[in-house]
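>>> Quick one: sequence and predicted model below, then my questions.
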Amino acid sequence: MADVPLSMNQLEDITTEIAQELLEKWAIEDRFNEEDMIKTAQLAVDDTVFIINRFMENFNTQMLVASEKQKLIH
């Protein structure tokens, strides 16, 4: 896996920012009622964490595969 030159706090800040943007998007699109705000905010965080984690896992896997292919070619 690739090393990430960011602290855990920086990664958490990125995740929080994206989750807030997702929640704002959902609000603009009227995807939840105001009384569901707390639950929906938690869903935005959960979904964001899931997506970022899966993206990074898949990205790292693809990078490793590409790296191994390069080693085989040379």
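Looks like it arrived, so ask away.

>>> Next, the buried residues of the helix or strand containing Ala27.
Ala27 belongs to helix 8-28 when assigned by DSSP states H and E. Along helix 8-28, these residues count as buried under the neighbour rule (16 or more other C-beta atoms under 10 Å): 15, 18-19, 22-23, 26. Using the backbone N, CA and C atoms, a C-beta is placed for each residue, glycine as well.

>>> contacting residues around stretch 14-32?
6, 40-41, 44-45, 47-49, 52 (C-beta atoms under 8 Å, 6 or more residues apart in numbering).

>>> out of those, which are buried?
A residue is treated as buried here by neighbour count (16+ other C-beta under 10 Å); on that basis the buried members of the contacts of stretch 14-32 are 40-41, 44-45, 48.

>>> which residues of the protein score low on pLDDT?
Counting by pLDDT under 70, the chain contains low-confidence residues at 1-4.

>>> What is the longest helix anywhere in the chain packed up against?
Ranked by residue count under DSSP state H, the longest helix found in the chain is helix 37-73. Using 3 or more C-beta pairs under 8 Å, 6 or more residues apart in numbering; DSSP states H and E as the contact criterion, the neighbours of helix 37-73 among helices and strands are helix 8-28.

>>> and the angle from the helix it packs on to helix 37-73?
Compare the direction of helix 8-28 with that of helix 37-73 by axes from the mean of the first three to the mean of the last three C-alpha atoms, to 10 degrees and you get 120 degrees.

>>> Pull up the gap between Ile14 and Asp30, please.
Distance, Ile14 to Asp30, using C-beta to C-beta, to the nearest Å: 27 Å.

>>> Check Glu68 too.
From Glu68 over to Asp30 (counting by C-beta to C-beta), the distance is 47 Å.

>>> So between those two, which is more surrounded?
Using other C-beta atoms under 10 Å as the criterion, Glu68 and Asp30 rank with Glu68 on top: 10 against 7.
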